[in-house]
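Trainee: Predicted coordinates and the sequence they were generated for:
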Amino acid sequence: MWIAVIRLDLLIPGSRSLKDRRQAVRSLKERLRNRFDLACSEVGDTESWNRASLGLAAVANEKPLLQDIISDISRYAQNDPNVQVTGVQNDVFNYGEE
């Protein structure tokens, strides 16, 4: 079983309040969950009104599939008009037998 862990650091330039920020982050989280069938949670910068960090996790049988998913997630988030991706960190590892 292969596991991918991804962290997206985001800037929300149109945000004027925590409410605006939460709306932009919630929208992106829901779309990522629905499109890629993965776990997604806000993991940092929760009190900043213009920054956020999302943690994502996906599981698959093959490493190349996860690497493609990571690329797709990064591209999808970078095309979101409400946020700017300022950083992407990821790790793919094997759990159990190869």
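Mentor: Arrived safely, thanks for sending.

Trainee: Can you report how many residues neighbour residue 83?
Mentor: A count of nearby residues for residue 83, using other CB atoms under 10 Å, gives 25. Any C-beta I mention is one placed from the backbone N, CA and C, and that applies to glycine too.

Trainee: How far off centre is the helix or strand where residue 35 lies?
Mentor: Element membership of residue 35 [criterion: DSSP states H and E] is helix 18-36. For helix 18-36, the gap between its own C-alpha mean and the chain's C-alpha mean amounts to 10 Å (CA atoms, centre = their mean, to the nearest Å).

Trainee: Now tell me what touches the helix or strand following that helix from outside.
Mentor: Remark: after helix 18-36, the chain's next helix or strand is strand 39-44, criterion DSSP H and E. Strand 39-44 is contacted by residues 7, 9, 25, 29, 32-33, 52-58 when judged by CB atoms under 8 Å, 6 or more residues apart in numbering.

Trainee: one more time with 6 Å, if that's ok
Mentor: For strand 39-44, the external contacting residues (CB atoms under 6 Å, 6 or more residues apart in numbering) are 29, 32-33, 53-57.

Trainee: what's the answer for stretch 66-76, then?
Mentor: With CB under 6 Å, 6+ apart, stretch 66-76 has contacts from 2, 4, 6, 58, 60, 88, 90, 92.
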